[in-house]
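Colleague: Attaching a predicted model along with its sequence, questions to come.
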Amino acid sequence: MTRATLQDLHHAIGGQVEPAAMALDRELGPVVTDSRAVHEGDVFWAIRGPNHDGADFVEEAFGCQANGAVTGRPATVPAGRWALIVDNTSQALWQWAAWRRRRFTGTVVAVTGSVGKTTTRQMIHTVLGSRLRGTASPRNYNNHVGVPLSMMALAPEDDYAVLELGASGPGEIAALAGLCRPKVGVITYIGDAHLGGFGSRAGIARAKAELLAALPEDGHAVLVDDPWIRRIASYCKAPITWVGRAGACDLVADDVASGGGWLRFRVEKQEFRVPVWGRHHLNAALAAVAVGRLHGLDLAAIAAALGQFAPLPMRCEVIEVRGATIINDTYNASPTAMRAALELLRDFDVPGRRVVICGDMAELGEESAQLHFTLGGQIVETCGADLVIACGRHARSVVEGARAAGMSPARTIPCRDTDEAMPFLGQTILPGDAVLVKGSRQMGMENVVEALRRYPQRRSA
């Protein structure tokens, strides 16, 4: 891999090098923005955020053996290390990412959508990585800091990079696409996540269309067959591959089935078996098939790669805890994702009860109370749940919705937060139950899963 140097960095973002006599031919290590995650040889990039200024932690980063730091104010630099002082470290990060993108000759694949971005990105990486050399966004690095950080891994000799693009308001995807300049764009679904920032599903669709508008004419779009995506397809100047189950699609899945931790389907007589829970992962798998074909892989090779897919933690992760089945889907939540998770819970064949432990769905704006009330009804009607423990500001709306749909008040427990829910867990989760745990990232619902692992459970009567 071709290594960038301090001279390259200085040329790309400007600023003042300290000490002035530092040799500029020094190679750069990985870029890290969290001083607690610094390892020897890293470059600490001191981002100024709404709650803290990374410049306050430069000394700590050097104490963890950072090789250098990019910071917004002068720093005490240990012997043999360097600091680059710039006016705006966030802007400098984008400048450095743009420098790396100009030297990248592979294909950038950008993935966006209301749900399923991370799984789709990782499935595409699994397929392409089986035959080609490339990289993908780590975790869900999909915002104004995460995308340029993902681009730090771009190597000139790589064949591809799969980047995840997210947004909470208009114009963000356009800016991110302008930075990473994708040749292939993938849209997974237009749902109701981040309604508070966009105002309506139409607003969300227009924001996702910013990716289509950014694609070059010699690029390609891979789009899931969704009515809202169909409405924005005209923004795209590039050819489009439509994926889904309908005959109008270019890539069609047949014989779709899900169970036992596997998603099964066929494309053009080729059988696929993907180790994931829930048929809602079908669109992600089909997008990966389409992108794989665009890169010259045949269906047999793509099927073999997807058969080795490693599911991501906290995303429909199914674990057994002392006789109960726990669906750990705690990474995030939106109304669309909640419905898919409830359908997965419905499909579990268990001798015990179906239990939902849910947290607030964030960033839904004025529709928040109504959407949580609707969720309560779906918990009863979609999966026939026997018990719901709702956590958060909108817990009572969820409970009211469940009661309106016929659930007994004794089986609906509203809690202000996850801490208040903890005493109920050991009393309510029995061997043979299937338990869905899901909520938005800010709710920290993974703490509930960890508590379930620890609690001694009662025996069923």
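Modeller: Arrived safely, thanks for sending.
Colleague: mind listing what the residue nearest to Val86 when sequence neighbours are not counted touches?
Modeller: Closest residue in space to Val86, ignoring its immediate chain neighbours: Gly15 at 3.8 Å, by C-beta to C-beta, 6 or more residues apart in numbering. Any C-beta I mention is one placed from the backbone N, CA and C, and that applies to glycine too. Gly15 is in contact with Val70, Leu84, Ile85, Val86, Asp87, Ala92, counting by C-beta atoms under 8 Å, 6 or more residues apart in numbering.
Colleague: among those, who's most crowded?
Modeller: Tallying neighbours with other C-beta atoms under 10 Å puts Val70 at the head of the contacts of Gly15, with 26 neighbours.
Colleague: tell me the secondary structure for that one?
Modeller: Under DSSP: H, G, I helix; E, B strand; the rest coil, Val70 falls in the strand class.
Colleague: Val356 and Val380 touch, don't they?
Modeller: No: applying C-beta atoms under 8 Å as the test, Val356 and Val380 come out as separate, 9.5 Å apart.
Colleague: who has more neighbours, these two?
Modeller: The residue with more neighbours, out of Val356 and Val380, is Val356; 29 against 22, by other C-beta under 10 Å.
Colleague: Helix, strand, or coil at that one?
Modeller: strand.
Colleague: Dump the C-alpha coordinates for the host helix or strand of Ser150 into PDB.
Modeller: For Ser150, the enclosing helix or strand under DSSP states H and E is helix 146-151. In PDB, the C-alpha atoms belonging to helix 146-151 read as follows (Å, rounded to 0.1, in the frame of the first residue of the first chain):
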ATOM      1  CA  GLY A 146     -17.700   9.200   9.500                       C
ATOM      2  CA  VAL A 147     -17.500   9.300   5.700                       C
ATOM      3  CA  PRO A 148     -14.200  11.200   5.500                       C
ATOM      4  CA  LEU A 149     -12.800   8.800   8.200                       C
ATOM      5  CA  SER A 150     -13.900   5.900   6.100                       C
ATOM      6  CA  MET A 151     -12.100   7.400   3.200                       C
END
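Colleague: How far does that helix sit from its chain's centre?
Modeller: How far helix 146-151 lies from its chain's middle: 14 Å, per C-alpha atoms, centre = their mean, to the nearest Å.
Colleague: Can you name every helix or strand that that helix contacts?
Modeller: Counting contacts by 3 or more C-beta pairs under 8 Å, 6 or more residues apart in numbering; DSSP states H and E, helix 146-151 packs against helix 89-102, strand 160-164, helix 172-180.
Colleague: ok, Ser234 - how many residues close by?
Modeller: If you count neighbours by other C-beta under 10 Å, Ser234 ends up with 10.
Colleague: hang on, it in a helix?
Modeller: Yes: the assignment for Ser234 by three-state DSSP puts it in a helix.
Colleague: Could you number the chain from 56 rather than 1 from now on?
Modeller: Okay, residue one is now 56; in that scheme the one you just asked about reads as Ser289.
Colleague: now it: how far from Val443?
Modeller: According to C-beta to C-beta, to the nearest Å, Ser289 stands 42 Å off from Val443.
Colleague: isn't Gln71 right next to Val132, touching?
Modeller: No: Gln71 lies out of contact with Val132 (C-beta under 8 Å); the separation is 11.8 Å.
Colleague: And the two? Which one has more around it.
Modeller: Using other C-beta under 10 Å, the more surrounded residue of Gln71 and Val132 is Val132, with 19 against 11.
Colleague: tell me the contacts of the more buried one?
Modeller: Counting by C-beta under 8 Å, 6+ apart, Val132 makes contact with Glu73, Pro74, Phe117, Ala124, Ala138.
Colleague: among these, which are in helices?
Modeller: The helices, defined by DSSP state H, take in Phe117 from these.
Colleague: where does the protein have its least confident helix or strand?
Modeller: Here the helix or strand of the chain ranked lowest by mean pLDDT, DSSP states H and E is helix 250-253, holding a mean of 69.
Colleague: Give the other helices and strands that the helix or strand following that helix contacts.
Modeller: Per DSSP H and E, the first helix or strand lying C-terminal to helix 250-253 is helix 256-269. Under the contact definition 3+ C-beta pairs under 8 Å, 6+ apart, helix 256-269 sits against strand 162-167, helix 227-235, strand 239-242, helix 250-253, helix 282-287.
Colleague: model confidence over stretch 397-409, on average?
Modeller: When pLDDT is averaged along stretch 397-409, the result is 94.
Colleague: Which of the helices and strands packed on helix 256-269 has the lowest mean pLDDT?
Modeller: Per-stretch mean pLDDT for those is lowest at helix 250-253 (a mean of 69).
Colleague: domain ranges for the chain?
Modeller: For the chain, the structural domains run 61-143, 159-361, 372-509, going by automatic domain parsing.
Colleague: Would you format those domains as a markdown table with distance to Trp151 included?
Modeller: Formatted as a markdown table, the domains of the chain follow (distance: least, C-beta to C-beta, whole Å):
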| stretch | distance to Trp151 |
| --- | --- |
| domain 61-143 | 5 |
| domain 159-361 | 7 |
| domain 372-509 | 27 |
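Colleague: Give me the three-state assignment for Glu418.
Modeller: On the basis of three-state DSSP, Glu418 is classed as coil.
Colleague: ok, it touching Ser223?
Modeller: Yes: using C-beta under 8 Å, Glu418 is in contact with Ser223, at 6.7 Å.
Colleague: So which of those two has more stuff around it?
Modeller: Taking neighbours as other C-beta under 10 Å, Glu418 and Ser223 compare with Glu418 leading, 16 against 13.
Colleague: Next, the more buried one: phi, psi?
Modeller: The phi/psi pair for Glu418 (degrees, to the nearest 10) reads phi 60, psi 40.
Colleague: Can you tell me the element Val298 falls in?
Modeller: Using DSSP H and E, Val298 falls in strand 295-299.
Colleague: Remind me what that strand packs against, helices and strands.
Modeller: Counting by 3+ C-beta pairs under 8 Å, 6+ apart, strand 295-299 packs on strand 275-279, strand 306-307, helix 337-349.
Colleague: Repeat the analysis, applying 10 Å as the threshold.
Modeller: strand 239-242, strand 275-279, helix 282-287, strand 306-307, helix 337-349 (3 or more C-beta pairs under 10 Å, 6 or more residues apart in numbering; DSSP states H and E).
Colleague: pLDDT weak spots in the stretch 206-355 of the chain?
Modeller: Within the stretch 206-355 of the chain, the stretches with pLDDT under 70 are 248-252.
Colleague: can you tell me which residues contact Tyr196?
Modeller: By C-beta atoms under 10 Å, 6 or more residues apart in numbering, the contact list for Tyr196 reads Thr173, Arg176, Val202, Pro203, Leu204, Ser205, Met206, Met207, Leu218, Glu219, Gly221.
Colleague: and which of these is nearest to Arg348?
Modeller: Arg176 (17.2 Å; C-beta to C-beta).
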